[in-house]
Structures are given as structure tokens and as C-alpha cells.
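Peer 1: Everything below, folded, please.
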Amino acid sequence: MLVNFWASWCPPCRSEMPAMQEIYQQYGPDDFVILAVNNTQADNLADIQNFVDERGLTFPILLDNTGQVSAAYQVRSLPTSFFIDREGIIREVVIGSPMAEALLRTRAENLISEEN
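Peer 2: Okay, the predicted model is just below:
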């Protein structure tokens, strides 16, 4: 599973979304779940919807209206990505800079292969 914290105004967040969509299309929600958590305290719903629609994103977009989810994960900068195994253990955290598709693919495949 990938839990990615992002905002529509964040350039690195915008850059990594196509790679996330590619991985989601390839592995789907059964093998590799992607949850994109938008920090809606720093974004607005119209911008989020436009962002998702323009990029054809099909993975779940969650809205952190109160900031409680970001606080629980101790997110201090965007983007921040958590790779979590099926046991709920955070295996890796990637902070800042957009994730290249190769990095994302490798991390996803590693988690999938560990679980099969």
C-alpha cells in the first residue's frame, strides 16, 4: 500500500501523480492499494476535483479536512509517501521530491512479492 500526502498546488506532488496512476492501473487495488490524502486545509475542493479530472486519476483521493490524518502520520512537507505492508507496518517513507516511476514501481513490486 502507498499512502501519499499531497496538494494540488505542490509541484513535486503534481509531477509524481502520473507515475502513481500508471502503477495503480497496472497492479490495481487488489495487489497494490494507493491512497492519496489531500491536505485540504491548504487546498480547495474545486482545485482538487480539477486536478483529479485533468489527470484522469482513478485511485482513491481522501480529504484530510481537519489535518488530523497528516498530524497522525507526522507529515511536515509535501509530498510525503508511506509504503505500508499488509500487516500495517510502515516499510519506507519518502519525503519531498517527486518519486520517479522506477522507484515507485520497485517499491510496489517489493511489497507485492513479499506478500505472495
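Peer 1: pLDDT value on Thr40, please?
Peer 2: Note for Thr40: predicted pLDDT of 74.
Peer 1: Where do the helices of this structure begin and end?
Peer 2: Using DSSP state H, the helices of the chain run over residues 11-31, 45-55, 68-72, 101-115.
Peer 1: Let me have those in JSON lines, extended by distance to Asn38.
Peer 2: C-beta here means a position set from N, CA and C on the backbone, and glycine is covered the same way. As requested, these are arranged in JSON lines below (distance: least, C-beta to C-beta, whole Å):
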{"stretch": "helix 11-31", "distance to Asn38": "9"}
{"stretch": "helix 45-55", "distance to Asn38": "5"}
{"stretch": "helix 68-72", "distance to Asn38": "10"}
{"stretch": "helix 101-115", "distance to Asn38": "18"}
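Peer 1: closest one to Asp85 among those helices?
Peer 2: Between Asp85 and the helices of the chain, the tightest spacing by C-beta to C-beta is seen for helix 101-115, at 5.8 Å.
Peer 1: contact partners of the closest one?
Peer 2: By C-beta atoms under 8 Å, 6 or more residues apart in numbering, the surrounding residues in contact with helix 101-115 are 1-2, 16, 18-20, 22-23, 27, 31-32, 83, 85-86, 91-92, 94.
Peer 1: Give me the buried subset of those residues.
Peer 2: When the contacts of helix 101-115 are checked for burial by 16 or more other C-beta atoms under 10 Å, the buried set is 1-2, 16, 19-20, 23, 27, 32, 83, 94.
Peer 1: which one of those residues is nearest Ala42?
Peer 2: Closest to Ala42, out of all of the buried ones among the contacts of helix 101-115 and judged by C-beta to C-beta, is Glu16, at 17.4 Å.
Peer 1: which residues sit in contact with that closest one?
Peer 2: By C-beta under 8 Å, 6+ apart, Glu16 lies in contact with 4, 79, 98-99, 104.
Peer 1: do that again at 7 Å, thanks
Peer 2: Shown in contact with Glu16 (C-beta atoms under 7 Å, 6 or more residues apart in numbering): 79, 98-99.
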